[in-house]
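Asker: sequence plus the predicted model coming up.
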Amino acid sequence: MSLETRMREKLMVALHPTRLDVVNESHLHEGHRNSPDSGESHFRVLIVSDAFSGKSRIERHRLVNELLGDELKGGVHALAIKACAPGETIN
């Protein structure tokens, strides 16, 4: 199973998002120093979930990072997170 698929499944099961975009941006970092050539090293996540209601941006990011801890330790070099509660502006 790909890292992208594992991340998507973990976030879906734990946070029941109304929107989830997991974008593999690894191709944008090919050949960069310290960038592994795995093809699954850099990701951008946009997630909208009731689980983020009343939480600060830091709390939201910590929650996502905890859920994806194994992936962050085992191959993901960079993870950009946009975590919103329903009704918040996504931009």
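Answerer: That came in fine, so what should we check first?
Asker: tell me the contacts of V23?
Answerer: The contact partners of V23, by CB atoms under 8 Å, 6 or more residues apart in numbering, come to 43-46. (Glycine included, C-beta is placed from N, CA and C.)
Asker: which of the residues you listed scores worst on pLDDT?
Answerer: Comparing pLDDT over these, the lowest score belongs to F43 (90).
Asker: that one against N24, yeah?
Answerer: Yes - using CB atoms under 8 Å, F43 is in contact with N24, at 5.9 Å.
Asker: shared neighbours of those two, anything?
Answerer: A shared contact of F43 and N24, defined by CB under 8 Å, 6+ apart, is any residue touching both; here these are E4.
Asker: gap between the residue positioned nearest the centre of the chain and S53?
Answerer: Averaging the C-alpha coordinates of the chain gives a centre point, and the residue nearest to it by CA atoms, centre = their mean is V45 (3.9 Å). Using CB to CB, to the nearest Å, one gets 18 Å for the distance from V45 to S53.
Asker: just to revisit the earlier point, so what does the residue nearest to the centre of the chain have for phi and psi?
Answerer: Comment: the main-chain dihedrals of V45 come out as phi -120, psi 130, following degrees, to the nearest 10.
Asker: and it, what is it in contact with?
Answerer: The contact partners of V45, by CB under 8 Å, 6+ apart, come to 7, 11, 20-23, 64, 79-83.
Asker: could you redo the last one with a cut-off of 10 Å?
Answerer: Taking CB atoms under 10 Å, 6 or more residues apart in numbering as the definition of contact, the neighbours of V45 are 7-8, 11, 17, 20-23, 64, 68, 79-83.
Asker: repeat for E71
Answerer: For E71, the contacting residues are 3-4, 6-7, 10, 40, 43, 65, 79, by CB under 10 Å, 6+ apart.
Asker: now which of those residues would you call buried?
Answerer: 3-4, 6-7, 10, 40, 43, 79 (16 or more other CB atoms under 10 Å).
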